[in-house]
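A.B. asks: When you get a sec, could you give me coordinates for this:
(2 chains)
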Amino acid sequence: MSSTEGTVQSARYARSGVRARAAEATVRDYVDLLKPRVMSLVVFTALVGLVLAPGELHPLIAASAILFIAIGAGASGALNMWYDADIDAVMSRTRGRPVPRGAVTGEEAFTFGITLSIGSVLALGLFTNWLAGGLLAFTIFFYAVIYTMWLKRRTPQNIVIGGAAGAFPPMIAWAAVTGTVSLESVVLFLIIFMWTPPHFWALALYKSGDYARAGVPMLPVVAGDRHTLRQILVYSLILVPLGLVPSLIGLAGWAYLTTALVTGAGWLWLTALLMRASPDERDSVAKQFFGYSILYLFALFSALLAEVLIGIAPFPSLIAHGVPA
Amino acid sequence: MTATDNNESSVPDSVETLEEHEIDDRELIARRRKRSIALAISLGAMVILFYALTLIKLGPRVFDRAL
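C.D. replies: Below you'll find the model as predicted:
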C-alpha cells in the first residue's frame, strides 16, 4: 500500500470512527485510565498499612505488594471509566477522560481493566497470601460492580457504601504482611470509610449541576444542600473521634494523637463554617472543605508512617491491657 | 451508489485535507510505536520482577529439584 493509499484509508477510518480511534491512544491515555490521582492515595494508605503491620516481609515482596494493590485499584478505575463513559461525557470534571474523548474505545478500556484486575489479584495472592489476593479481588468487584454498576446511578447513598472500595487498601496491605484482618486494620479501614462521604459530598455541593445533568443521584441533587450539610455534620462528628482511635488501640503514639487532635479541630471548624455559609458563599467554602479533607487524611496517615520511621512508640492499647482505673 | 460516489464520500476533498491526514498518519504511527515500547518495557519489567520474586519466595529450594 502506498503512503497516499494509507492516508486515504486512515481518513476513512477517522470518519467512520472505527479503527482510527484505536490507533489514536497515547501511553498517557492508558495511564489516565488507571486514575493516577486516586491510585496515589491508594499507594500511600496501603504503604502505611504495610509499614504498621506487625511481621516481616522481604522488601521486594513488600514493594511488589504495593504495586499489585495499586494496579488492582487502577484496573477498577479503568472498568469504572468503561461503564461510566456516557455520564463522564456530560460532566465537566470527567469529559476529558480517555473514553468519552474517544482516544480509547470502551472495549479497550474494559479489556485493559479486566486483564490488570486478574493479573494483580493472582500476583498478590501468589507472592503474599490469598487473603490479601481475595481482599483485592473483592475491592475491585466492589468498586466496579457494586458501586459503579449498581449503586452510583440508583441511590444517594452511593458514595457511603461505595466508599468502602477506597478504604480497603491499608487492610489489604496489612493482610499481605500478617495474613489476617485484625482490629487495627479495621480501624484504618473505618477512618477512610467515614472520611469518604463528607469528602465527596463537599465536591457534590459545588458540582451538583454536573451530577444533575448526568442523572447521578448525589445527595445535594436529590435531597438538597441543607440535608447534605446535616449529613456532612453527622459523618464529621463520627470521623474526628474515630481519628483518635489508633492512639487507643496500640497503633499510634503522641505525634499521631497531636496531629489527629489539631487536624480534627480544623475539620470541625471548617464543618461549622460550611454549615453557616450563606448559599452564595457555600460553593467556595465547600471547595475549601474538599481540599482540607484530602489534607486531613494525608496528615493522619503521614503521622502514622512518621511515627514508625522516627521510632515513636505507640501508646499501650486500652483493649489489650484494660482501661486504667 | 456508484464507486465514484463512494470515493467522493470517504476520500478527503482537497489536497490540504490529505496533507493534514498525512501528518495525522505519522502522528498515529509515532503513538503506536510509543505504546509498543511502553508495553515491551512493562512486560520485560514484569518478567524480571516475577523471576526475582520467585527466587525470594522459594529461596534456595528453587534449585533443589529431584532428578
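A.B. asks: Give me the longest helix you can find in chain B.
C.D. replies: The residue-count maximum for a helix in chain B (DSSP state H) belongs to helix B:15-58.
A.B. asks: Give me the neighbour count for A:Pro59.
C.D. replies: 9 (other Cβ atoms under 10 Å in any protein chain shown). C-beta: built from backbone N, CA, C; applies to glycine.
A.B. asks: quick one: contacts for B:Ile37?
C.D. replies: With Cβ atoms under 8 Å, 6 or more residues apart in numbering or on different chains as the criterion, no residue contacts B:Ile37.
A.B. asks: State the pLDDT value of it.
C.D. replies: Here the pLDDT value assigned to B:Ile37 is 95.
A.B. asks: and what of the one 5 residues further on?
C.D. replies: Note for B:Ser42: predicted pLDDT of 95.
A.B. asks: again with A:Leu295
C.D. replies: With respect to pLDDT, A:Leu295 has a value of 96.
A.B. asks: Low-confidence stretches in chain B?
C.D. replies: Scanning chain B for pLDDT under 70 picks out B:1-23, B:61-63, B:65-67.
A.B. asks: Quick one: mean pLDDT for the one helix or strand A:Tyr211 maps to?
C.D. replies: Remark: A:Tyr211 resides in helix A:208-214, with elements defined by DSSP states H and E. Computed over helix A:208-214, the mean pLDDT rounds to 85.
A.B. asks: to the chain's geometric centre, what's the distance from that helix?
C.D. replies: Centroid separation for helix A:208-214 versus its chain: 21 Å, with Cα atoms, centre = their mean, to the nearest Å.
A.B. asks: which outside residues touch that helix?
C.D. replies: Residues outside helix A:208-214 that contact it (Cβ under 8 Å, 6+ apart): A:Ile87, A:Asp88, A:Val90, A:Met91, A:Ser92, A:Arg93, A:Ala204, A:Pro217, A:Met218, A:Pro220, A:Val221, A:Asp225.
A.B. asks: so what's the fourth one scoring on pLDDT?
C.D. replies: Read that as A:Met91. 89.
A.B. asks: Could you tell me how many residues sit around the closest residue to it other than its chain neighbours?
C.D. replies: Spatial nearest neighbour of A:Met91, excluding adjacent residues (Cβ to Cβ, 6 or more residues apart in numbering or on different chains): A:Asp210 at 4.3 Å. A:Asp210 has 20 neighbouring residues, counting by other Cβ under 10 Å.
A.B. asks: do A:Pro241 as well
C.D. replies: 12.
A.B. asks: Tell me who's in contact with it.
C.D. replies: When contacts are counted by Cβ under 8 Å, 6+ apart, A:Pro241 touches A:Gly264.
A.B. asks: next helix or strand past the helix holding A:Tyr211?
C.D. replies: Where DSSP H and E defines the elements, the next helix or strand beyond helix A:208-214 is helix A:219-242.
A.B. asks: quick one: buried residues of that following helix?
C.D. replies: Buried residues in helix A:219-242, counted by 16 or more other Cβ atoms under 10 Å in any protein chain shown: A:219-221, A:225, A:228-229, A:231-232, A:235-236, A:239-240, A:242.
A.B. asks: For that helix, output the C-alpha coordinates as CSV.
C.D. replies: Taking Å, rounded to 0.1, in the frame of the first residue of the first chain, the C-alpha atoms of helix A:219-242 are listed here in CSV:
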residue,chain,number,x,y,z
LEU,A,219,-27.2,13.8,47.9
PRO,A,220,-27.3,17.5,47.0
VAL,A,221,-29.1,16.7,43.8
VAL,A,222,-31.9,14.6,45.3
ALA,A,223,-32.1,15.9,48.9
GLY,A,224,-30.8,19.5,48.6
ASP,A,225,-27.9,21.3,50.2
ARG,A,226,-29.4,21.6,53.7
HIS,A,227,-29.8,17.8,54.1
THR,A,228,-26.3,17.3,52.6
LEU,A,229,-24.8,19.7,55.2
ARG,A,230,-26.5,17.8,58.0
GLN,A,231,-25.1,14.5,56.7
ILE,A,232,-21.6,16.1,56.5
LEU,A,233,-22.0,17.2,60.1
VAL,A,234,-23.1,13.7,61.3
TYR,A,235,-20.2,12.0,59.5
SER,A,236,-17.7,14.6,60.7
LEU,A,237,-18.8,14.1,64.3
ILE,A,238,-18.1,10.3,63.9
LEU,A,239,-14.9,10.8,61.9
VAL,A,240,-13.0,13.1,64.1
PRO,A,241,-13.3,10.9,67.3
LEU,A,242,-12.6,7.9,65.1
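A.B. asks: Out of the contacts of helix A:208-214, which two sit at the greatest distance?
C.D. replies: For the contacts of helix A:208-214, the maximum inter-member distance is 24.2 Å, found between A:Asp88 and A:Asp225 (Cβ to Cβ).
A.B. asks: tell me the contacts of the closest residue to A:Leu135 other than its chain neighbours?
C.D. replies: In space, and not counting its chain neighbours, A:Leu135 is closest to A:Ile172: 4.6 Å by Cβ to Cβ, 6+ apart. With contact set as Cβ under 8 Å, 6+ apart, A:Ile172 has these partners: A:Ala46, A:Gly49, A:Ile69, A:Leu124, A:Ala132, A:Leu135, A:Leu136, A:Thr139.
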